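> this is a predicted model, with the sequence first.
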Amino acid sequence: MKCPYCKGSVSLFSKEMNRFGKDGKRCPQCQRPVRLFMSLKVAALLFVPAFFLAFVLDPIFVGVGLPGSLAVGLVGGVMVMLAFRLKAIEKV
């Protein structure tokens, strides 16, 4: 993900993005407040490839002895993580 202010790279798993509290999330580079949201446009673009990937992985998971729904859940989770974006918070 890119910071909307400084365009620096921010990891979804960074300490700042997984922080709770009233201070909220901040960019690790510029320390300006940001908001994490899921882009519906990106999620819609990823939906079709995710569907086909889950369809391909389902028989592989079942062949190994795992439930087929696990493939759908994993692919769906990765799709949501890839659709996360950062948005600037405007102070009023």
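Yep, that arrived.

> neighbours around residue 18, how many?
Residue 18 is flanked by 11 other residues according to other CB atoms under 10 Å. Placement of C-beta: from N, CA and C, glycine included.

> so it lies in a strand, does it not?
No. Assessed with DSSP: H, G, I helix; E, B strand; the rest coil, residue 18 is coil; it does not lie in a strand.

> next, the buried residues of whatever helix or strand residue 55 lives in.
Taking DSSP states H and E as the criterion, the element that holds residue 55 is helix 40-64. For helix 40-64, burial by neighbour count (16 or more other CB atoms under 10 Å) applies to 46, 50, 53-54, 57-58, 61.

> and it, how far from the chain's centre?
Centre-to-centre, helix 40-64 and its host chain are 16 Å apart (CA atoms, centre = their mean, to the nearest Å).

> quick one, the helix or strand that that helix is followed by and helix 40-64 angle?
Downstream of helix 40-64, the next assigned helix or strand under DSSP H and E is helix 68-83. Inter-element angle recorded for helix 68-83 and helix 40-64: 150 degrees (by axes from the mean of the first three to the mean of the last three CA atoms, to 10 degrees).

> any regions of this structure where pLDDT drops low?
Counting by pLDDT under 70, the ranges of the chain that qualify are 22, 91-92.

> got a list of what the most far-flung residue of it relative to its centre touches?
Within the chain, residue 63 marks the point farthest from the mean C-alpha position, 28.8 Å out by CA atoms, centre = their mean. Taking CB atoms under 8 Å, 6 or more residues apart in numbering as the contact definition, residue 63 lies against nothing.
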